[in-house]
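# sequence and predicted structure below; questions after.
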Amino acid sequence: MTNRIKLNLQFIGIFFLIGAFQIAAQQPSPTPILYSEKTLEELKRLQTAALQSDYAYRQTAYLSNNIGARLTGSKQAERAVEYVADEMRKLGLAVRLQKLTVPHWVRGEEKGELVEFAGMAPGTTQKIVLTALGGSIATPADGLIGEIIVVGSFDELERLGRKNVEGKIVLFNNKFDRQMAEAGFGGAAYGQATAYRGGAAIAAARLGAIAALVRSAGGSQNRLAHTGAMRYDNNVTKIPAAAVSFEDAETIAYLAKMGAVKIKLLLTPQTLPDTTSYNVIADLRGSEKTDEIVIVSGHLDSWDLGTGALDDATGVAVSMQVPFLLNQLKIKPKRTIRVIAYMNEENGLVGGRTYAAEEDANISKHFAAIESDLGASHPLGFNFAGKPEALAFLAPLSNVLRSQGAGLSQIQSGVGADIGPLTQRGVPSFAPWFNQQTYFNYHHTAADTFDKVNPKELAEVGSVMAVLAYGLANLERDLPR
């Protein structure tokens, strides 16, 4: 290295050093305190109490086992509203029921059997495990029989054209990406698969099909069919739609390569007149900023095949647990913590949309919204939808959660269906960041039952919800929004 280069580098180094001092001199005074020492100490106490509490586990058990499946419009959904409202009143919260007009769809009978395929024994049929998709119309009362054509995508269906589709039943054999789920991205795999669940009936009917089947949009390989909402287009003939299990989709695809496959399909769902239901809203009043609100929430309704334990009794239960723990520890939040058990997330989102619409003039007072709706597996931390600058305000909460293995945070465009309308209006929004490896093995199937809930992991989720809720309620500054 020459002396000239050395001198130049020294000059540059001095220049940057002087610049650094100048920049430092121009910096504002140190960042104001985000959380008081008292709040940080209380957060640790709250975390410990949550990890030791069985309150959320007991509430999940009651919602799942004692009340059961809670499809919107059902007697069980009505009972769940009453139960959660009563439990919140017992804790001294101010409770109100927000009236909703909700859809009322009932499943009825569902049956599928193959009646023609290569090599079948004369006089026999082969049972197919299937379930109607939410919102589907019925088949004729005595069922319908049609030849199945198997496609892997919407594009493949379009290439077949009307002449090959008209009068037939289309099976969309689009596979749920289990490897993606096993890598922890179950939600992404599910999102890909639900495009077919939602749009199958429209796409098939446009080409003259008489019914649509979809491969179940989940990871189960236990011959379980996966239900969920589907859509119709008022400009396209409505046809019945159902999901078949992983195994039965494989069987039909195998047989279709050998020749014609016919199925007899019987579905008897009904769409009844809209009915009345409610969001349960319960406030733990803040001690200082009473008019500012931090929401903790889950959805009270569930599909009707299982008992809605993971989806979403756990989310409601860990939300209910937040005021329970604060009362137990005699800790008072500065802002109001509002527990919401939303109705109709599964087949309409009426609860979330109605709440946001009715609170539209008060959105600026909604400090933050939290929703838990991806089961109750080990949480890695939390997801956040809002301004990136806000992450610095949340770091102390991650520091508290790090001791239980939940110290991560990430920004996403949306973090929950029910709080989505609030997120879109600029409310900083949060959700536990879950390990999603196994959740979609049970989601929307008959296997979504209480035995799938791990009490230790549910307690961890409850801790994330409690630390987030109380930390946000006591944050000394406003979050960027």
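Done, it's in. Numbers count the residues shown, from 1 in each chain.
# mind listing the helices for this structure?
3-26, 37-52, 55-61, 75-90, 154-160, 162-165, 178-182, 186-206, 246-256, 314-329, 350-358, 391-401, 420-424, 455-473 (DSSP state H).
# and these, which one averages the lowest pLDDT?
For the helices of the chain, mean pLDDT drops lowest on helix 3-26, to a mean of 36.
# what is the strand ranked longest in the chain packed up against?
Criterion DSSP state E: the longest strand present in the chain is strand 270-284. Packed against strand 270-284 by the contact rule (3 or more Cβ pairs under 8 Å, 6 or more residues apart in numbering; DSSP states H and E) you find helix 75-90, strand 94-106, helix 314-329, strand 335-342, helix 350-358. Backbone N, C-alpha and C define where each C-beta goes, glycine included.
# pLDDT on it, on average?
98.
# buried ones in that strand?
Using 16 or more other Cβ atoms under 10 Å as the test for burial, strand 270-284 gives 277-284.
# neighbours of the closest residue to Phe434 other than its chain neighbours, how many?
Leaving aside its sequence neighbours, Phe434 sits nearest to Leu374 (Cβ to Cβ, 6 or more residues apart in numbering; 4.6 Å). Neighbour count of Leu374, defined by other Cβ atoms under 10 Å: 28.
# and Leu374, what does it touch?
Contact partners of Leu374, counting by Cβ atoms under 8 Å, 6 or more residues apart in numbering, are 187, 431-432, 434, 436, 439.
# for those residues, work out which two are farthest apart.
Spatial extent of the contacts of Leu374 (Cβ to Cβ) is set by the pair Ala431 and Tyr439 at 13.3 Å.
# those two: who's more crowded?
Ala431 (26 against 23).
# the more buried one touches Val415, doesn't it?
Yes - judged on Cβ atoms under 8 Å, Ala431 makes contact with Val415 at a distance of 3.9 Å.
# overlap of the contact sets of those two?
Counting by Cβ under 8 Å, 6+ apart, the residues touching both Ala431 and Val415 are 371, 383.
# hang on, Ala309 packs against Lys452?
Yes - look at Ala309 against Lys452 with Cβ under 8 Å: they come within range, at 6.1 Å.
# circling back to that earlier point, how far away is the residue nearest to Phe434 from Val427?
Remark: distance between Leu374 and Val427 (Cβ to Cβ, to the nearest Å) = 20 Å.
# residues near the nearest residue to Thr438 once chain neighbours are set aside, how many?
Using Cβ to Cβ, 6+ apart and skipping residues adjacent in sequence, the residue nearest Thr438 is Ser377, 6.7 Å away. The tally of other residues near Ser377 (other Cβ under 10 Å) stands at 23.
# with Gly143 instead?
With other Cβ under 10 Å as criterion, Gly143 counts 18.
# residues in contact with Leu255?
114, 117-118, 261.
# who's the spatially closest residue to Arg96 that is not a sequence neighbour bridged to?
With sequence-adjacent residues excluded and distances taken as Cβ to Cβ, 6+ apart, Arg96 is closest to Ile281, at 5.2 Å. Per DSSP bridges, the residues bridged to Ile281 are Arg96, Ile340.
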